[in-house]
Structure formats: C-alpha cells, structure tokens
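[1] quick one, what's the 3D model for this:
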Amino acid sequence: MLVLDPSSHHVTHASIRDLPGYLEPGDLLVFNDSRVLPARLMGRRRDGGEAEVLLLRPVDGGHHRWQALIRPARRLEAGSQVFFDQSELAISVEVRHHETATVRLDGVPDPLSEVRRIGQMPTPPYIRERLADRERYQTVFAREEGSAAAPTAGLHFTPELLNAIRDRGVNLAFVTLHVGLDTFQPVRVDDPSQHSIHREWFRIDEATANAVNDTRRRGNRVVAVGTTSVRTLESAAAGDRVRAGDAWTGLLILPGHRFQVVDAIITNFHLPKSTLLMLVSAFAGREQILAAYKEAIREGYRFYSFGDCMLITRRAS
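    Have a look, this model is predicted:
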C-alpha cells in the first residue's frame, strides 16, 4: 500500500495490514457492497461463429431484457440470436448501439438463475485466464448482485482486517453502486469533459447517510474505499452532507471537481486514459498522482484489479 499525503507531497510505503494505523478513532470507512453477476456468456451464433454477451443491467426492471456488450458486434445485428451449450437459454438482439445492444433472454423460465449457472465472471480484458474460484472476484462483504465488474479496492479487505479496523475505533458503512459499462471504456476524446459516461445505479440507506453525516459533524474523516464509493458519496452530496435514497448517477469527476464529502480514498492503481485515474487526479492533483505512480513502478507495485493499492490521506487544498 502506497500512502500519499498531497498536502505534504509525502509518499510512504506500507502494507494494507498497516491501514488501521493510518486511521483515527471516529473515522468512517465506506465500502461498496455490490456483488458481481457472472454475466459473461460465451455462445454461438446461428452460423456457428463464436459470440460473447456481457450483461450490464436489466431493462424495465425485469430479468428478460438487458443492456449488454456484444462481440463481434458487426455480426450481431438486430434479430440475431446467440445459443449456448448445455442450456436452453437463447439471447436475441433487439436493438444494437455500436458495441452495446438491448437483448432479450428467452428459453428458460428463470433467466437470471440460468445466467448464474452458465456465466463466467466478467473480469477485465487484461486478465486472460478464467477464474477457477468465482469468489476471488467478490469482496468479502458483497451482498446485492448487480455489478458488471468488481469494486476492486474492496478486494484487499479480509474479515481479520475489518476486525482490526473496528478494534481501532473506526466505523464501517456500506453503499451500493452497481458497476457498469463505463468501467470498460477508456477516454478517447481530447477534452475529457466531453467523454460520455454511462449511468450507474446507487443506493445509500438511512444508516449509512446518518453515519456519514455524524462523522463529518464530529470533524472525523470519511474514507471512501474505491472510486465507486467516491462517486456514490459525491453523487448524493447535499452540501457537506449526504442524502439517503437511490438514484442513477452520471457524475464524471475530473480535475477541478470540489469534493464535498470524501476526505480520503483507498484505491487501486488505474489504467491510463481512464475516468478512474482522472478521479484520483481530481482528488490529489494530477502531478502528484503521476509522481506517485512513477514511484510505485520503481518499487514494483502491481497495478489494476488484482494489484496493490494506495491510500490518499488528505486531499490537496
């Protein structure tokens, strides 16, 4: 774990096991408890060619129609179907939008149960092997299924570490944000503010909203675990407080954003040209993040989903 204090330009090398020592009694850690759906479905088209459907989110509140990533998109026009070995499930493309589509799941009475049975975990493209143990891509506190990718900063936390954090007098709270399409999309425009970020559904319950607001009222820190928790808290901000409830967020956090709720972040090391790298740059300052990344490379830190992490202890003024 690399520890960055933007106010002093100071970098410290530590371990995630050391995290309780960087927290103070009364601080609040906020985790995303979304659970990953094994929604990568590998099948075949009518012509026998391979096809991949990655379910992203249900449409119209049910489990028969979904927004999905489809490959190869050019061979899956509206009306195309995808079939699967040892399953009666059939997926039909209703409307195609470049590499995404609205699809319909038919052939089985309970499509979601069948997806859980035959689907693979939607790990990022740079992880080429198939996970033998699906739970490796779930946090230990994952509860509500719905994400197309894991909130990976939470993967560092074990039950033992959570207990040590509680023993330190630090409080824990949970939000839900279902990670969606934009996790897979790099920024391809010269002006990042013109990047089209897809909406993601989130919820903050009354207990978490009260915990966040009480923490800020006491003058303690709200520490967001992962960029998804950051987006959730900042999307629900009302001044320096948060509102309970659920909503869709399209918040794109870029340098210049004024953080209203989050005082510190625990996050992984992110891909270049990603909205996640821009978010942490907005929090700590672009030059400081780039310098910290160079230091991490020199020290042999592992990057991305199953890599190491950094704690940004205090945002720059």
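[2] and the pLDDT for the residue nearest the centre of the chain?
    In the chain, the centroid-proximal residue (C-alpha atoms, centre = their mean) is P151; its distance is 3.7 Å. Note on P151: pLDDT of 92.
[3] now the strands for the stretch 51-200 of the chain?
    Taking DSSP state E, counting those that start in this stretch to define them, one finds strands in the stretch 51-200 of the chain at 65-71, 81-83, 90-97, 100-106, 144-147, 171-177, 200-204.
[4] now render those strands as a markdown table, adding mean neighbour count.
    For every residue, glycine as well, the C-beta is placed using N, CA and C. Output for the strands of the stretch 51-200 of the chain, formatted as a markdown table (neighbours: other C-beta atoms under 10 Å):
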| stretch | mean neighbour count |
| --- | --- |
| strand 65-71 | 21 |
| strand 81-83 | 19 |
| strand 90-97 | 16 |
| strand 100-106 | 20 |
| strand 144-147 | 18 |
| strand 171-177 | 22 |
| strand 200-204 | 22 |
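[5] quick check: which of those is nearest to R216?
    strand 171-177 (12.3 Å; C-beta to C-beta).
[6] sorry, back to before: if I look at the residue nearest to the centre of the chain, how far off is D27?
    20 Å (C-beta to C-beta, to the nearest Å).
[7] thinking again about what came up before, what would the strands of the stretch 51-200 of the chain look like in JSON lines with mean pLDDT?
    As requested, the strands of the stretch 51-200 of the chain are arranged in JSON lines below (pLDDT from 0 to 100):
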{"stretch": "strand 65-71", "mean pLDDT": "91"}
{"stretch": "strand 81-83", "mean pLDDT": "97"}
{"stretch": "strand 90-97", "mean pLDDT": "94"}
{"stretch": "strand 100-106", "mean pLDDT": "94"}
{"stretch": "strand 144-147", "mean pLDDT": "90"}
{"stretch": "strand 171-177", "mean pLDDT": "97"}
{"stretch": "strand 200-204", "mean pLDDT": "93"}
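[8] just put those strands in JSON lines and tack on distance to E299.
    Shown next, in JSON lines, are the strands of the stretch 51-200 of the chain (distance: least, C-beta to C-beta, whole Å):
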{"stretch": "strand 65-71", "distance to E299": "35"}
{"stretch": "strand 81-83", "distance to E299": "45"}
{"stretch": "strand 90-97", "distance to E299": "42"}
{"stretch": "strand 100-106", "distance to E299": "39"}
{"stretch": "strand 144-147", "distance to E299": "31"}
{"stretch": "strand 171-177", "distance to E299": "29"}
{"stretch": "strand 200-204", "distance to E299": "33"}
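[9] between those strands, which one is closest to I266.
    Per C-beta to C-beta, nearest to I266 of the strands of the stretch 51-200 of the chain: strand 171-177, 12.6 Å.
[10] tell me the average confidence for stretch 43-56?
    94.
[11] quick one: end-to-end length of that stretch, please.
    17 Å (C-alpha to C-alpha, to the nearest Å).
[12] buried set for it?
    Across stretch 43-56, burial judged by 16 or more other C-beta atoms under 10 Å covers G43, A51, E52, V53, L54, L55, L56.
[13] thought the first one was touching V82?
    Yes: with contacts defined as C-beta atoms under 8 Å, G43 counts as touching V82 at a distance of 4.3 Å.
[14] if I look at F283, how far off is V82?
    41 Å.
[15] hmm, who's touching stretch 210-220?
    Outside stretch 210-220, the residues that touch it by C-beta atoms under 8 Å, 6 or more residues apart in numbering are 24, 26-28, 30, 171, 173, 204, 221-222, 233, 240-242, 244, 261.
[16] mind running it again at 10 Å?
    23-28, 30, 170-175, 204-205, 221-224, 233, 236-244, 260-263 (C-beta atoms under 10 Å, 6 or more residues apart in numbering).
[17] ok, of these, which come out buried?
    Using 16+ other C-beta under 10 Å, the buried ones in the contacts of stretch 210-220 are 23, 27-28, 30, 170-175, 204, 221-224, 233, 236-237, 241-242, 261-263.
[18] and the helices in this structure?
    111-118, 159-167, 206-218, 227-235, 275-284, 286-298 (DSSP state H).
[19] looking at those helices, which is buried most?
    Counting by mean count of other C-beta atoms under 10 Å, helix 227-235 has the highest mean neighbour count of the helices of the chain, with a mean of 27.
[20] what residues go with each domain of the protein?
    2-36+134-312, 40-118 (automatic domain parsing).
[21] for the last one, measure first residue to last.
    Between the opening and closing residues of domain 40-118 lies a distance of 9 Å (C-alpha to C-alpha).
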